[in-house]
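Q: Next come a sequence and a model predicted from it.
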Amino acid sequence: MHDRSSAPRLVLAIALLALFATPAPTSALELTLDELVDRALEVSYDVDAARKREDMTQARVDASTALLASNPFVSFSFWDTTDTRIVNDGREGIGPSYTLSVSQTFEIAGQRGKRMEVARRNAEVAAANVASARDSLVIQVRRAFFETLEAHQRVQFAYELLHWRRELIKAYRRASAADRNGAEMRASRAEGDYAAEKHSLYLQESRLRRLLDVPAGESLVLVGDFEPPQENLPSEEQLVAFALEHRADLAAHRAAAASDEAYLSLNRRSAIPNVTLSGFVSRSDDDDDDEIQFGASISVPLPVFRTDGPNIREALAERQRSQAEARDVERTVERDVREARYAVVAAARGLQRVRQEILPRARETLSLRDAAFDRGEAGIWELVNAEIDLVEARQEELSAQRIHASAVIELERAIGGEISRVAPSAPASEAASDASQP
C-alpha cells in the first residue's frame, strides 16, 4: 500500500530537483552577505557622494588654519612729468616718482580660533553623514539579502503546493461536479500564487542587483541562510545607552549643534572690528634732491551703516533650532530602540511558536495520515491535505524567520551597530508574556 503514496512524492522530488537543485553556472556570481555588503559599498553613489562632501569640508578645515584671514594688499604707484626745473641756471627734466604701500588686516578677539572650530565641527558633521550613509546602505543590503532568500524558498513552496493541489484533483475524479470544480479552482489559485511568487522573486533580485550594480544577464547566487534567534538580548537601557553613543545620524545632529554654537561665538567676536595696518615708501624727484618718504597707518571700520546685530540674531536662532533638533532626535532614538527591541522579542516568540507547536503537529499529522493510507483506512484526499498542511507550516516558519531577521536588522539600525557589541543581559524570549500585552 505504501507505493500508492510514493509516486506523487517522487514526481515532486524530481521536479524540485530540476527547478532548484540545478548546479549554478560556472560564471555565476556567488556572494555571501558580507561580500554583498562590501560590493554595495564600493558601487554606492550615496556613500561616494557623502565621502566627496567630507573631502570638501576637510579642504575648508585646511583653509581655516591659515594664520591670517586675508592676504596682504600691495600697491605700487609710478608717475612722471614733462615739466622741467632750473638747476645751476639751467633747466633739466624732473625724474620719475613712485610709491610702494603694503596693508594687512588682522583679526582680533580670537576669531581665527573660532573659524577653525566651525570648520572642524562641519567636518565632523560630514564624517557622521558618511557613517550614516554607510549604515543605511548596509541595512538595505541585509534586508534585500534575507528577503531574496525568502522569495527563493517561497517559490519552492508555491510549486509544492501547486503540485499537491493538482494531485488532489485526482481524489475528486469520482466526486460531484461541484467538488471537482472546487478542486480545479484551488489548483488554479495555486498556479496563480506560484506565478506571483516568481514575480516577487524577480523584483527582489532586481532590487538586489541595483544595489550591487550587477547586470541583469549575470547569474547571481546568494550563499547563506537565516541566522538563528539570539539567545540573550540586552536590556532596553543598555541598548538605548549604546544607541545614544553610536547612532551616526545622532552624532551628525550633535556635531551640527556644536558647529552652530561655534558659529554664534564667531559672530559675536566678529562684532569687534578687525585692525588694518598699512605702511608706505615714496620717492619723489621734484626738488633739488631725491627724497624718500615713508610712514605707517592703522585703521578700523566703523559699524555705522552695517552692524553685526542681525548676523548674531540669525546665528542664535540657528543654534537654538539645531539644539532642539538634536534633543528631538535623541528622543526618537530612544523610542526607536524600545519599539525595535519589542519587535525582536515578539518575532522570536512567533518563530518559537511555529517551530515548537505548528511544525511538529503538521509532521505528526502527515505521519499518521501516511500510516492510515498504507493500512487502507484513509484515502488520497486525507494524505494530500496533510502534505499541504505541512508545506503551509513550512511557509509559516519561513515567514517567521524573515520577520525575525527584519526585526533584528531594524534593532541594529536603531542602535547604530551590531547587537553583539552590547553586553547581553536577558534571554530574547524573556518578554514572551510582554509580547502578548497591548
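A: Thanks, I have it. Numbering: from 1, shown residues only.
Q: Just want the most central residue of this structure.
A: Ser136 (1.1 Å; C-alpha atoms, centre = their mean).
Q: Can you tell me the element it falls in?
A: helix 111-171 (DSSP states H and E).
Q: now Phe280
A: Counting by DSSP H and E, Phe280 is found in strand 275-284.
Q: what's the neighbour count on Phe146?
A: 25 (other C-beta atoms under 10 Å). Backbone N, C-alpha and C define where each C-beta goes, glycine included.
Q: Arg402 is in contact with that one, correct?
A: Yes. Using C-beta atoms under 8 Å, Phe146 is in contact with Arg402, at 5.8 Å.
Q: For the two, list the residues in contact with both.
A: Both Phe146 and Arg402 are in contact with Phe226, where contact means C-beta atoms under 8 Å, 6 or more residues apart in numbering.
Q: Break down this structure into its strands, ranges please.
A: 29-32, 73-79, 84-87, 90-93, 97-106, 220-223, 232-233, 275-284, 291-299, 426-427 (DSSP state E).
Q: winner for burial among the ones you listed?
A: Comparing the strands of the chain by mean neighbour count (mean count of other C-beta atoms under 10 Å), strand 232-233 ranks first with a mean of 19.
Q: picking up where we left off before, pull up the pairing partners for the strand holding Phe280, direction included.
A: strand 97-106 (antiparallel), strand 291-299 (antiparallel) (DSSP bridges).
Q: just how off-centre is it within its chain?
A: Its chain's C-alpha centre and that of strand 275-284 lie 58 Å apart, by C-alpha atoms, centre = their mean, to the nearest Å.
Q: orientation of that strand relative to strand 73-79 in degrees?
A: 20 degrees (axes from the mean of the first three to the mean of the last three C-alpha atoms, to 10 degrees).
Q: Of the strands paired with strand 275-284, give the one that comes closest to Glu412.
A: strand 97-106 (51.7 Å; C-beta to C-beta).
Q: could you give me the average pLDDT of that closest one?
A: Summarised as a single mean, pLDDT over strand 97-106 is 89.
Q: send the alpha carbons of it over as CSV?
A: Coordinates of each C-alpha in strand 97-106 appear next as CSV, following Å, rounded to 0.1, in the frame of the first residue of the first chain:
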residue,chain,number,x,y,z
SER,A,97,58.5,109.3,-8.7
TYR,A,98,56.9,106.2,-7.2
THR,A,99,55.1,105.0,-4.0
LEU,A,100,55.0,101.4,-2.6
SER,A,101,52.5,100.6,0.0
VAL,A,102,51.6,97.4,1.9
SER,A,103,48.5,96.8,4.1
GLN,A,104,47.4,93.8,6.1
THR,A,105,44.2,93.2,8.1
PHE,A,106,44.4,91.3,11.4
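Q: can you start the count at 468 instead of 1 from here on
A: Let's use 468 as the start, then, which means that last one is strand 564-573.
Q: Give me the contact list for stretch 631-647.
A: Residues contacting stretch 631-647 (C-beta under 8 Å, 6+ apart): 475, 479, 649-651, 653-654, 656-657, 846-848, 851-852, 854-855, 858.
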